[in-house]
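**Q** Sequence first, then the predicted structure, then my questions.
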Amino acid sequence: MTDISKLGEFGLIHRLTDDIKIKNESTVKGVGDDCAVMHYPDKEVLVTTDMLMEGVHFDLTYIDQQHLGYKSAMVNISDIIAMGGTPRQMTVSLALSKRFTVEDMEQFYSGLRMACDKYGIDIVGGDTTSSYTGMAISITCIGEADKNDIIYRNGAHDTDLVCVSGDLGAAYMGLQLLEREKSVYYQQVVEAKKKNDKKALEQLASFQPDFAGKEYLLQRQLKPEARGDILKKLHELNIKPTAMMDISDGLSSELMHICTQSGCGCRIYEKNIPIDYQTAVMAEEMNLNVTTCAMNGGEDYELLFTVPIGDHDKIQQLDDVKLIGHITKKELGNVLVTRDGNEFELKAQGWNPLA
């Protein structure tokens, strides 16, 4: 293992980025100067930034550096796609404590570049610095879109249809599964130390939980995918969403964002919320309400969008898109209609990064 301090900042940057090849015409100059240079003559420029903190957004007990790099890139790519744009460039800034090696960062960049290559994104710069408290990641993704193609959150209108891609709640259940196994692991470690059981401690050093039958939940949590494929299908069917965003903080929170910014209400039907079989089984195993998990869990990175009611038949042609409700007038509020016909006011109970 190579100590990062022996390479220094510039040595680490060169080792991680020297073989990066430019893919986009809009990238004039990438890594290597004080600034990246980009040129967008006829497009609107989209910029999004996410910061991920160890202990808050990720736990290195159960996510390796390659998956972390992939996920860090993909959550930013998802934001550009949720605006109707095409991601083009990315900058990556890292703060690292002394426990991280050069090889750790090579694994991180391996996952990062895997995600960027999938969407043809150029890594054009960033920064590295030291940290006393672990690892911090700050990523900025830059994209482009024609002015008329950009989709904001504030365009939903009364009678619009509310749609989501994929299924919801699986990422949250994957997190609950990982947290449960982590708790079991540390409990066993504590008990072995109390008994001074060296054999048990040796066995625990290579401990791996049995996740058979729950692989989909782990994939959704550890390796999320931006839904560029859905955006492409919408273009092909000539469907222009009136409002759209990705589901990072939970369906309930994202619905509230769209309704608040659009000055409208919504009516969502519990029976229409798409939930995978593994999600339902895991929720029952953990004695959790599966609808609550789907509404408030977050990290699904699916697309939530509204379309004019006239696009109903077109939406029905999309296999991986589900119609879950419709937009109403503001005074009718935001309502969840349960399977038995009861109505409840929707509340934003998803992830709060400042809580």
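**A** That came through fine.
**Q** Okay, now the unreliable bits of the chain?
**A** The chain contains residues with pLDDT under 70 at 4-14, 16-17, 20, 29-36, 348-355.
**Q** Can you tell me the element the closest residue to Gly297 other than its chain neighbours falls in?
**A** The shortest distance from Gly297 to any non-neighbouring residue, by CB to CB, 6 or more residues apart in numbering, is to Tyr172 (2.5 Å). The way it works is simple: take the backbone N, C-alpha and C, and place the C-beta from them, glycine included. Here Tyr172 sits within helix 170-194, counting by DSSP states H and E.
**Q** sorry, back to before: isn't the residue nearest to Gly297 right up against Met295?
**A** No: Tyr172 lies out of contact with Met295 (CB atoms under 8 Å); the separation is 9.9 Å.
**Q** Quick check: the residue nearest the centre of the chain vs Leu204, distance?
**A** Nearest to the geometric centre of the chain sits Val75, at 3.8 Å (CA atoms, centre = their mean). Using CB to CB, to the nearest Å, Val75 is found at 32 Å from Leu204.
**Q** same deal with Lys314?
**A** The gap separating Lys314 from Leu204 is 54 Å, by CB to CB.
**Q** Ok, Gln107 next?
**A** Between Gln107 and Leu204 the computed distance is 23 Å (CB to CB).
**Q** can you check His57 too?
**A** Distance from His57 to Leu204, by CB to CB: 26 Å.
**Q** same check, this time on Pro224
**A** Counting by CB to CB - Pro224 and Leu204 are separated by 30 Å.
**Q** For the two, indicate the residue with more neighbours.
**A** A count of neighbours by other CB atoms under 10 Å puts Pro224 above the other of Pro224 and Leu204, at 25 against 16.
**Q** Touching, that one and Ala171? I think so.
**A** Yes: between Pro224 and Ala171 there is a contact at 6.6 Å, judged by CB under 8 Å.
**Q** so which strand or helix has Leu231?
**A** Taking DSSP H and E as the criterion, the element that holds Leu231 is helix 228-236.
**Q** Pull up the pairing partners for the helix or strand following that helix, direction included.
**A** With elements assigned by DSSP H and E, the helix or strand that comes after helix 228-236 is strand 243-246. According to DSSP bridges, strand 243-246 forms sheet pairs with strand 303-307 (antiparallel).
**Q** Show me what the very next helix or strand once past the partner strand is packed up against.
**A** The helix or strand immediately downstream of strand 303-307 is helix 312-315, counting by DSSP H and E. Identification of packing neighbours for helix 312-315 by 3 or more CB pairs under 8 Å, 6 or more residues apart in numbering; DSSP states H and E yields strand 161-165, strand 321-328.
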